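Asks: compute the structure for the input listed below.
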Amino acid sequence: MTLGTSFVIGLLALALSGFVLKKYYVYIIALPASAILFVSKLLPHEKATTVFANPVFISVSATFTLSATLVKAAIPIDYPSNCLDKAAKLALSCGEFPARRVCRFYLGVDQ
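Replies: Below is the predicted model:
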């Protein structure tokens, strides 16, 4: 095993133990670990930046950001679906034909 490989394995073990202990926020552990790999040239610039071109990275990070925002704002996770349920039931009671069809499809109501 080369010195670079043992350094990367040690850094990953240190980062993993930091994640498990949950003493610091995840990004406080992950950013310095990736910066150390980048500065030490063990992680090439091309490989470090190609992940940002992938649309999956953008959608997963947006999902995590939205989830963390909902948790920090103390909004219950089922709040958006409860709002949709109330809006659908209100539209069904109003008698508007296009909205009734959409709400029947959403709620699974056969009227």
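
Asks: may I ask which helix or strand encompasses the residue nearest to the spatial centre of the chain?
Replies: The chain has residue 64 as the residue nearest its centroid, 1.9 Å off, counting by Cα atoms, centre = their mean. Following DSSP states H and E, one finds residue 64 within helix 55-72.

Asks: same deal with residue 31?
Replies: Remark: residue 31 resides in helix 26-39, with elements defined by DSSP H and E.

Asks: need the contact partners of that helix.
Replies: Under the contact criterion Cβ atoms under 8 Å, 6 or more residues apart in numbering, helix 26-39 has outside partners 8, 11-12, 14-15, 18-19, 43, 45, 48. Just so you know, the C-beta spots here come from the backbone N, C-alpha and C atoms, and that holds for glycine as well.

Asks: make it 7 Å
Replies: Here helix 26-39 makes contact (Cβ atoms under 7 Å, 6 or more residues apart in numbering) with 8, 11, 15, 18-19, 43, 48.

Asks: how far away from the center of its chain is it?
Replies: 19 Å (Cα atoms, centre = their mean, to the nearest Å).

Asks: how close does residue 68 get to residue 25?
Replies: In this view, residue 68 and residue 25 are 10 Å apart by Cβ to Cβ, to the nearest Å.
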